[in-house]
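Peer 1: What follows is a predicted protein model with its sequence.
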Amino acid sequence: MVSQWSKKASGSEDSAAPPGDSGESNEQAPSRSSDPAVVGLCRGMVGLSLALLVGLVTLAWVLLRSDIDWDASVVKAGRREVGVEASDEPSNGEAATATAGVIRFDSSRLNSEGLVGSPDGLRALSYEFCIPAVEAHVGEIEAIDSTITIQRSSPGRIGCGSDEYLAVGHTHQPGFREVLDRLGRLPYVNEIQEAHFE
């Protein structure tokens with residue numbers, strides 16, 4: 001019975017073939033569905049699509065689980081918070097938040113003019129910090145803070161290294177909180193300490 005079916009199947013294939021010269025070869029056009037190259041290409045495209053989908057899902061999961069506050073003007077980066085440039089002047093609370101890990105003194109004790117002390121003995125608060133010994137950084141610091149003096153050979157009390165410059169400024173200047181905030185956001189300023197002179 002099987003042999004009869006195979007004979008019928010082969011006979012039907014022969015009868016379906018187009019008539020032609022007896023000298024022509026009877027080659028059939030390859031079927032697209034069974035072509036190994038097409039199958040391999042389809043499998044590759046499916047694999048690539050799945051890999052992209054997994055990557056997008058993973059990225060979305062990481063972004064949702066991350067500690068990024070997309071609506072705030074401050075982006076947390078590790079142990080230090082880096083402020084994003086904002087068009088409006090930051091309030092005292094925002095400035096304190098953006099540079100909390102960098103400014104190592106309490107600026108809330110300063111009055112609106114940047115002075116500290118008793119009413120009959122007000123004085124400016126001096127601060128110091130280290131910057132890399134790069135002249136471009138010196139120019140950037142001086143453009144932000146007009147009170148800054150750069151000392152290229154003194155380590156100061158903060159202890160600048162041999163490859164660093166000591167920068168000293170004070171708070172008795174217009175917009176001193178914004179100045180401190182901008183200094184604290186610079187990636188090469190690690191800490192700003194109150195300077196005590198003898």
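Peer 2: Structure received. Fair warning: this is a prediction, and the values are worked out from it, not measured in the lab.
Peer 1: So in this protein, where's the weakest helix or strand by average pLDDT?
Peer 2: The weakest-scoring helix or strand in the chain, judged by mean pLDDT, DSSP states H and E, is strand 74-77 (a mean of 39).
Peer 1: Look through the protein and tell me its longest helix.
Peer 2: When the chain is parsed with DSSP state H, its longest helix is helix 36-65.
Peer 1: Which strands and helices lie in contact with that helix?
Peer 2: Contacts defined by 3 or more C-beta pairs under 8 Å, 6 or more residues apart in numbering; DSSP states H and E place helix 36-65 against no helix or strand at all. All C-beta atoms are positioned from the backbone trio N, CA, C, and that covers glycine.
Peer 1: Quick one: mean pLDDT over it.
Peer 2: Averaged across helix 36-65, pLDDT comes to 83.
Peer 1: for this protein, which spans come out with low pLDDT?
Peer 2: Residue ranges of the chain with pLDDT under 70: 1-34, 66-100, 198.
Peer 1: which residues in it form strands?
Peer 2: 74-77, 80-83, 115-116, 123-124, 126-132, 149-151, 164-170, 193-194 (DSSP state E).
Peer 1: Now distance to residue 186 too, for those strands, in CSV please.
Peer 2: Listed next are the strands of the chain as CSV, based on distance: least, C-beta to C-beta, whole Å:
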stretch, distance to residue 186
strand 74-77, 14
strand 80-83, 10
strand 115-116, 24
strand 123-124, 21
strand 126-132, 8
strand 149-151, 14
strand 164-170, 10
strand 193-194, 15
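Peer 1: could those strands be laid out in CSV, adding distance to residue 158 and mean neighbour count?
Peer 2: Putting the strands of the chain into CSV (distance: least, C-beta to C-beta, whole Å; neighbours: other C-beta atoms under 10 Å) gives the following:
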stretch, distance to residue 158, mean neighbour count
strand 74-77, 23, 14
strand 80-83, 17, 17
strand 115-116, 19, 18
strand 123-124, 18, 15
strand 126-132, 5, 21
strand 149-151, 11, 14
strand 164-170, 7, 22
strand 193-194, 5, 18
